[in-house]
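Novice: with the sequence up front, the predicted model follows.
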Amino acid sequence: MKELIDRLKKIVGDRFVSEAPEERYIYSMDMGTMPASAPDLVVMPASTEEVSKIMEAANAHQVPVTPMGGGLVLSGLTRALKGGMILDMKRMNRITEVNPKSRYAVVEGGTSQGMLQAYLKKNHPELKHSVPDAPPIATLAGNVCIHGSGHLSVLGGYHSDMLTGMEVVLPTGEVIRTGSCSVSSDWFGKAPLPDLSGLFMGWAGTTGVVTRLGIKLFPSYRYNDLLIFVCDDAEDMPDVISRLTSTQVAEDMTPWMTPIPEWARGFMHINIAYGAHSKAELTFKRNLLQMSVKAYKDKKTGGFLPMPPPQKNRYMKIPTPDLVRFADVRKGGGFEYVGAIMAIEHFAEAYRAGVEIAEKNEVSYSMGARIVGAGHSMMFFYAYAFNRADQADMARAQKALEETNAATLEMGGIPWKAELPAQQQIIEKMAPDTFALMNRIREALDPNHIMNPGNWERA
Amino acid sequence: MKHEEILHRCFRCGYCKLPSNYTDINCPAYQAFRFETYSPGGRMWLLRGWLNGEITNSKRFAEIMFSCTACGNCVEQCAFPKFRDLLLEVFTAGREAFLDAGHVPGPVRDYLTKIQLHGNPYGKPGKKRPEWAADLGVEPYADQEYLFFVDDVGAYDTRGQEIARSVAGILQQAGISFGMLSGEEVSDGNDVLAIGETPLFEELARKNIEVFNQKGVKKIITLSPHSLNAIKNHYPALGGSYQAMHYTQLLAFSMGNMSLQEDGPNHRITFHDPCYLGRHNWDYQSPRMLLKGLPGASVVEMDRNQKNAFCCGGGGGNFFTDLVSAEEDSPSRVRVREAAETGADYLAVACPMCAVMLEDAAKVEGLENRLQVKEVTEIVAEYMVGA
Ligand SMILES: Cc1cc2nc3c(=O)[nH]c(=O)nc-3n(C[C@H](O)[C@H](O)[C@H](O)COP(=O)(O)OP(=O)(O)OC[C@H]3O[C@@H](n4cnc5c(N)ncnc54)[C@H](O)[C@@H]3O)c2cc1C
Ligand code: SF4
Ligand code: SF4
């Protein structure tokens, strides 16, 4: 190990390699329920060249590498399951290009969501990117790699759909590019080439290290507004979502269902965010949205919630800190959620399953969803709070999460950014030849099995 | 450890690493070292691990704990209301526990020992304290309206002395009635308290309170925002209640008494908020009022300003202990680069520590021809009639 550490220090500088117990301790766990698993060292590269040299060194020494961005995935995917090094990517945080006409930005692999948000606000106020509700230090690369979604997902789909290209250091150290930037100096998109980006998305960092990526930008509106539709029957939700998305007006739609506060219990809410360049356009869009679900108002089974401006502003904050605050509902410092990617028509079933599992396990819960595309699918989340200082409470949350993962697969959904146990559940259900192909691809890319080993492997 | 019952509540979400506009990392220790361990959440989890016996003490652990500059960004930005108000107290309690257990980085030990022995971190005799005033003609405090309290840096550091002289000069020109002490006072103790050495802080504070009370001091103008914080927020609990203010707070309302030129030089000025005037005492406007009142000058803001200001790295004793020094990632170097990006030719400061930290950084960054670090009254002096 000493030889490797010396080599790494030559690559990134002494200050950015640590094998100290303090770093090994903190990087051994994330804020979710997965047990700790310590790395042998933590390395922080500053350039693609450095990442490439690190991968060469890791291969030479057969030492595992786990890439990490904000480390906020919550499902333990940035733990070093088989030791080795954590590659903390956050020093690679430059925004290298913004193309205002073709509407994309190119950022390094450790650039945070918050930094791009701030940069665009200051330098290109007419543009924005789709921001997830993860804390703003979360990275674009980490988010795209797990098929994240965010505030423009009704408009633009998953964040992996908004990807326009990537620069990736392969497990063996070669630097490759996917999308237009592999042929041209422009990063406008993945078409018309064979789409190699898929080799790196959804793989939990087991196929390479993303060192740069292009992401689509969208118009930023001068006038922005939010409506909240409410109904009390989960069975109505697929139709409501279908009607609202058919207007092609919303940027983001996020249903939420929570037992606290009391006034919200039992109701289905949908936050619908939309924007416009003028007041007239905003009114027009609002009318379209309201008209689309008028049938529910007429039947008196649904309607829009009147909202005082402070409450509206709170809901319109991007990202919203309310999700993080769920960790503090019982002053316990923890929560984790199952994000079930599934078809819209399973909404009611998904909701019922969530209530049942939470009540059975006696865990504090909050449920919600993010609609992706024009109702093409949703990420339905079941969040369970736990007290980090109480092992029994954590175990209860963990059990609820496992049961929710099982229920998700039962309903035809798929757990998103799956924890290790959920990965096993998915592999069990996956077409065997598909899993075999995944293994063949991995074998070809990573002959020494050093990239985030332990993930996407049959136990 | 005090507050240990809340350590587990930190989610390690990292809101506290950033300013509210997310432009860049805003925790100076995390900016310097970049390992999660140095972030506020990392500190919380390390302390919890330590108390749970999952991790033991070490030199590095102590350096992590003492590299916090007590800047208060985490308190401002943490996602959890109320909980966040206790963050600095938690970190101070952590350091206190380290001090009790004898786990102290060498520079911190030296810093505290010098203060213990000499009443100041320079290890110089108290009688040299008033030397900054030399031939300025500032009277010893007797029955003037204000006591002008000069901190350790203003009293003993060459650059600090220049600043103390400049401030005193402008106070005189503004017609303010003030006097000074003659070396019977000691360090204000602010950073000793932030470090967690509470008994030493109390000893220092009591000495100063005794001096102030003996002389019948009622109103105090401080040179340093650190002194302001100690005197205003911590001395009352020890029996010392005074009307304390920073010099910019008094001068902002005394501009009418100053003879300013009708049209002065057109400097472009950016202001660096000192943590102990801004985030700790919520005054972002007094220095800006002064600067904006200068005819011909324009004030431009850095991306991180006011409650989002990025600390120079000098707080929590780090001015003396230098535990956040990290080559080009040192907070002071990052901050002067940010100031230079505004196109300003003056970087205005209102704290002698910030002045020294940022001036040194501007030199190392090779910016001194483009960007001069100036204390606020030094700039005001350039706009006075006859300057
Ligand atoms: C309160 C809260 C709210 C959230 N809300 C949302 C939301 O609205 N939408 C959403 O999509 N997510 C959300 N998340 C989940 C998650 O935090 C985000 O998706 C986040 O963007 C992940 O980014 P990260 O940088 O933290 O990734 P990490 O956790 O660091 O990594 C995620 C995965 O990507 C891999 N990886 C990271 N960087 C690289 C790289 N450069 N190259 C190769 N692999 C890499 C890691 O190995 C890991 O497998 C939320 C999380 C929390 C805690
Ligand atoms: S201190 Fe607050 S903002 Fe920082 S990580 Fe902990 S909970 Fe999050
Ligand atoms: S007070 Fe400042 S330096 Fe200390 S942990 Fe908080 S943000 Fe970092």
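Specialist: Sure thing, it's come through. Ligands and ions are numbered 1, 2, ... in the order given.
Novice: spell out which residues of the stretch 1-150 of chain B are next to ligand 3.
Specialist: Residues of the stretch 1-150 of chain B that fall close to ligand 3, judged by CB under 6 Å from any ligand atom: B:27-29, B:40, B:43, B:68-74, B:88, B:91. Placement of C-beta: from N, CA and C, glycine included.
Novice: where do the strands sit along chain B?
Specialist: Listed in chain order, the strands of chain B (DSSP state E) span residues B:146-149, B:178-179, B:219-222, B:243-246, B:268-271, B:298-300, B:346-349, B:372-375.
Novice: residue 216: what's its closest spatial neighbour, skipping adjacent residues?
Specialist: This is for chain A. Across the structure, with CB to CB, 6 or more residues apart in numbering or on different chains as the measure, the residue nearest A:Lys216 apart from its sequence neighbours is A:Met162 (4.1 Å).
Novice: you looked at the wrong chain, it should be chain B
Specialist: Counting by CB to CB, 6+ apart, the residue nearest B:Gly216 is B:Asp143, at 7.5 Å.
Novice: can you list the domains in chain B?
Specialist: Structural domains assigned to chain B are B:4-104, B:117-122+B:131-251, B:258-382, following automatic domain parsing.
Novice: just how off-centre is the second one within its chain?
Specialist: Average the C-alpha atoms of domain B:117-122+B:131-251, do the same for its chain, and the two points are 14 Å apart (CA atoms, centre = their mean, to the nearest Å).
Novice: span of it from start to end?
Specialist: 35 Å (CA to CA, to the nearest Å).
Novice: list the contacts for the residue in chain A that chain B sits nearest to?
Specialist: Going by CB to the nearest CB, chain B is nearest to A:Gly114 of chain A, at 2.9 Å. A:Gly114 is in contact with A:Pro136, A:Ile137, B:Leu18, B:Tyr22, B:Thr23, counting by CB atoms under 8 Å, 6 or more residues apart in numbering or on different chains.
Novice: who's in contact with A:Thr66?
Specialist: Contacts for A:Thr66 were tallied using CB under 8 Å, 6+ apart; they are A:Pro39, A:Thr78, A:Arg79, A:Ala80, A:Leu81, A:Gly84, A:Met85, A:Ile86, A:Leu87, A:Gly205, A:Asn452.
Novice: which SS class is it?
Specialist: Assigned with DSSP: H, G, I helix; E, B strand; the rest coil, A:Thr66 falls in the strand class.
Novice: and it, how far from A:Val355?
Specialist: Spatial separation of A:Thr66 from A:Val355 under the definition CB to CB, to the nearest Å is 36 Å.
Novice: please apply the same query to B:Ala205.
Specialist: Spatial separation of B:Ala205 from A:Val355 under the definition CB to CB is 57 Å.
Novice: which one of those two is surrounded by more residues?
Specialist: Ranked by neighbour count (other CB atoms under 10 Å in any protein chain shown), B:Ala205 and A:Val355 place B:Ala205 first, with 25 against 16.
Novice: I'd assumed B:Asn190 was in contact with that one.
Specialist: No - with contacts counted by CB atoms under 8 Å, B:Ala205 stays clear of B:Asn190, the gap being 9.4 Å.
Novice: mind listing the shared neighbours of these two?
Specialist: If you check B:Ala205 and B:Asn190 against CB under 8 Å, 6+ apart, the residues they both contact are B:Ala230, B:His234.
Novice: mind telling me which residue of the stretch 151-300 of chain B is nearest ligand 1?
Specialist: As assessed by CB to the nearest ligand atom, ligand 1 sits closest to B:Arg279 within the stretch 151-300 of chain B, at 25.0 Å.
Novice: how near is that residue to B:Leu181?
Specialist: Computed as CB to CB, the B:Arg279 to B:Leu181 distance reads 28 Å.
Novice: ok, now B:Ala29?
Specialist: Using CB to CB, B:Ala29 is found at 34 Å from B:Leu181.
Novice: the two: which is more packed in?
Specialist: The residue with more neighbours, out of B:Ala29 and B:Leu181 and counting by other CB under 10 Å, is B:Ala29; that gives 31 against 21.
Novice: quick one, what contacts that one?
Specialist: B:Tyr38, B:Ser39, B:Ile64, B:Ser67, B:Cys68, B:Thr69, B:Val324 are the contacts of B:Ala29 under CB under 8 Å, 6+ apart.
Novice: again, but for A:Ala353
Specialist: Residues in contact with A:Ala353, defined by CB under 8 Å, 6+ apart, are A:Thr404, A:Ala407, A:Met411.
Novice: and it, which of the three is it?
Specialist: In the three-state summary, A:Ala353 is assigned as helix, counting by three-state DSSP.
Novice: A:Ala105 now?
Specialist: Recorded secondary structure, A:Ala105: strand (three-state DSSP).
Novice: okay, stretch B:93-103 in PDB with CA atoms only?
Specialist: What follows is the C-alpha trace of stretch B:93-103 in PDB, where atoms were taken according to Å, rounded to 0.1, in the frame of the first residue of the first chain:
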ATOM      1  CA  ALA B  93     -17.300  22.200  23.200                       C
ATOM      2  CA  GLY B  94     -15.500  19.700  21.100                       C
ATOM      3  CA  ARG B  95     -12.300  21.700  21.300                       C
ATOM      4  CA  GLU B  96     -12.800  22.200  25.000                       C
ATOM      5  CA  ALA B  97     -13.100  18.400  25.400                       C
ATOM      6  CA  PHE B  98      -9.900  18.000  23.300                       C
ATOM      7  CA  LEU B  99      -8.100  20.600  25.500                       C
ATOM      8  CA  ASP B 100      -9.300  18.800  28.600                       C
ATOM      9  CA  ALA B 101      -7.900  15.500  27.200                       C
ATOM     10  CA  GLY B 102      -4.600  17.200  26.300                       C
ATOM     11  CA  HIS B 103      -5.000  16.700  22.600                       C
END
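Novice: chain center to that stretch: distance?
Specialist: Its chain's average C-alpha position is 23 Å from that of stretch B:93-103, according to CA atoms, centre = their mean.
Novice: contacts (any at all) between ligand 2 and it?
Specialist: No - judged by CB under 6 Å from any ligand atom, stretch B:93-103 and ligand 2 are separated, with a smallest distance of 13.0 Å.
Novice: and that stretch, average pLDDT?
Specialist: This predicted structure assigns stretch B:93-103 an average pLDDT of 95.
Novice: filter the residues of the stretch 1-150 of chain B next to ligand 3 down to the ones in helices?
Specialist: Using DSSP state H, the members of these that fall within helices are B:Pro28, B:Ala29, B:Pro40, B:Arg43, B:Asn73, B:Cys74, B:Leu88, B:Phe91.
Novice: out of the residues you listed, who's nearest ligand 2?
Specialist: In terms of CB to the nearest ligand atom, no member of these lies closer to ligand 2 than B:Pro40, at 4.6 Å.
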